[in-house]
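**Student:** got a structure for you, letters missing:
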């Protein structure tokens, strides 16, 4: 890892401007989809370690040799690959979760092709190595002590800090997976409206994509145990950002929030320096104990922003963070849901009109309820299922209005089919897994490894 030269921060305005640089004209808006999946050995159904001829490090080496993507290292070990041509990267999460951070693409058709090509490429190497992937929100059978730690220095800093500030922070790190989408905005006003709609409807996304009902081989009592994990992870850097709905919300207000969140680390000369719990405000004054007299760089600020984990995260784009990990079709459905809502003016206004009178208490109640109840969560005179039908219809209208068609003439609404099936059958993916557990699987949650491996979905 080599530090990129970055200017020192000389004013608070630079922090605000770093976010405002995300403003883009509509024609430059893109879709960046990230998805994580668990790696496991097909014969033992146990997690894949980093080391060994069939380990994750060896898999990264083989993918790099095939693609010529640029490797990046941590203390001499390859921990990820960057596509030097058009964006996109492969990285590792703490417990060996394999992540594709997709390139910024114009259409959902391109997104789904990217995901499919990624899985096909991996399968070329994983099949001879006896490795498969699983797209769920939480590992269904493994204990925390079963899961190997990847050789990334930041995780050695995060793990002990997580153990101090929340009851399930290490579960978040080592046994959870997500699909998320990164979307653009045109102005501060546009950012605020999208942020508010995203926050209000994030519990709905959690419910629609609920896909983690098991923990250590048994039903956990939750439909999205991943969502429950986040409810019990470092309250200072997670949550629903109630302040975003207050008058005066903008880039500056988010900076105020970010400055109040304790730091994790800084990087100097390729080495991570443990600053867990320290104040970025003090750093701005040259009072960081680990580097007395030194002022932060813009790269330090960008790194700090990446350690905030609210339900919607603001960088120079907006990250929608509420969904469980999913199989291939779910990976395509998550960005479709949000693009339909946020990338068409009429759809965005319809979504905002739906949620604008929701109170902080109602939004938080939904956030608290969906982990257990998903679409059955009570809301006003009905349940979240009633809201889901209306919101998915709005998303469909937004995608249809975009009019982006593939070579067969199909528009992007085809990617909503998994959500429409959930609404039709009245059961989330998690509930359908529980039906299998209590039925054909005869109480054996490990059957999910054989019945739902992710890479086999690729064409």
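**Tutor:** That came through fine. Note that the structure is predicted; figures quoted are calculated from it, not measured.

**Student:** contacting residues around stretch 374-387?
**Tutor:** 203-204, 206-208, 210, 223-224, 354, 362, 365-366, 369-370, 373, 388, 422-423, 426, 428, 430-431 (Cβ atoms under 8 Å, 6 or more residues apart in numbering). In short, each C-beta sits where N, CA and C put it, glycine included.

**Student:** please identify the buried residues of that stretch?
**Tutor:** 374, 375, 376, 377, 379, 383, 384, 385, 387 (16 or more other Cβ atoms under 10 Å).

**Student:** quick one: which helix or strand includes the last one?
**Tutor:** I take that to be residue 387. Using DSSP states H and E, residue 387 maps to helix 384-402.

**Student:** pick out the residue closest to the middle of this protein.
**Tutor:** Central residue of the chain (Cα atoms, centre = their mean): residue 180, 3.9 Å from the mean position.

**Student:** helix, strand or coil: sort out residue 10 for me.
**Tutor:** The three-state assignment at residue 10 reads coil, by DSSP: H, G, I helix; E, B strand; the rest coil.

**Student:** run through the residues that contact it.
**Tutor:** Per Cβ under 8 Å, 6+ apart, neighbours of residue 10: residue 295.

**Student:** need the buried residues of stretch 374-387 in TSV with distance to residue 99 and pLDDT, can you?
**Tutor:** Conversion of the buried residues of stretch 374-387 to TSV gives the following (distance: Cβ to Cβ, whole Å; pLDDT from 0 to 100):
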residue	distance to residue 99	pLDDT
374	24	98
375	27	98
376	31	98
377	29	98
379	32	98
383	33	98
384	28	98
385	31	98
387	30	98
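
**Student:** any figure for the gap between the residue lying closest to residue 38 once chain neighbours are set aside and residue 40?
**Tutor:** Nearest residue to residue 38, sequence neighbours excluded (Cβ to Cβ, 6 or more residues apart in numbering): residue 134, at 4.4 Å. According to Cβ to Cβ, to the nearest Å, residue 134 and residue 40 sit 6 Å apart.

**Student:** can you pull the residues that touch both of the two?
**Tutor:** Common contact partners of residue 134 and residue 40 (Cβ under 8 Å, 6+ apart): residue 449.

**Student:** any idea which element residue 365 lies in?
**Tutor:** Per DSSP H and E: helix 360-373 holds residue 365.

**Student:** and that helix, what does it pack against?
**Tutor:** helix 188-208, helix 225-231, strand 378-379, helix 384-402 (3 or more Cβ pairs under 8 Å, 6 or more residues apart in numbering; DSSP states H and E).

**Student:** pLDDT below threshold where in the protein?
**Tutor:** 1-4, 453-459 (pLDDT under 70).

**Student:** elements contacting the longest strand along it?
**Tutor:** In the chain, ranked by residue count with DSSP state E as the criterion, the top strand is strand 31-41. Helices and strands touching strand 31-41, as assessed by 3+ Cβ pairs under 8 Å, 6+ apart, comprise strand 98-101, helix 108-129, strand 131-134, strand 178-183, helix 328-342.

**Student:** tell me which of the ones you listed approaches residue 17 most closely.
**Tutor:** strand 178-183 (19.8 Å; Cβ to Cβ).

**Student:** go through that closest one and flag the buried ones.
**Tutor:** 178, 179, 180, 181, 182, 183.

**Student:** and if you look at stretch 257-265?
**Tutor:** So, applying 16+ other Cβ under 10 Å, buried residues of stretch 257-265: 258, 259, 261, 262, 263, 264, 265.

**Student:** likewise for stretch 105-113?
**Tutor:** 105, 107, 108, 109, 110, 111, 112.

**Student:** chain center to it: distance?
**Tutor:** Stretch 105-113 has its C-alpha centroid displaced from the chain centroid by 18 Å (Cα atoms, centre = their mean, to the nearest Å).

**Student:** ok so, going back, reformat the buried residues of stretch 374-387 as TSV; add distance to residue 72.
**Tutor:** Shown next, in TSV, are the buried residues of stretch 374-387 (distance: Cβ to Cβ, whole Å):
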residue	distance to residue 72
374	38
375	40
376	44
377	41
379	44
383	46
384	41
385	44
387	42
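
**Student:** of the residues you listed, just say which sits nearest to residue 347.
**Tutor:** Looking across the buried residues of stretch 374-387 and measuring by Cβ to Cβ, the closest to residue 347 is residue 387, at 15.2 Å.

**Student:** next, the angle from the helix holding residue 387 to helix 328-342.
**Tutor:** On the basis of axes from the mean of the first three to the mean of the last three Cα atoms, to 10 degrees, helix 384-402 is oriented at 80 degrees to helix 328-342.

**Student:** just the buried positions in helix 384-402, please.
**Tutor:** Buried residues in helix 384-402 (16+ other Cβ under 10 Å): 384-385, 387-388, 391-399, 402.
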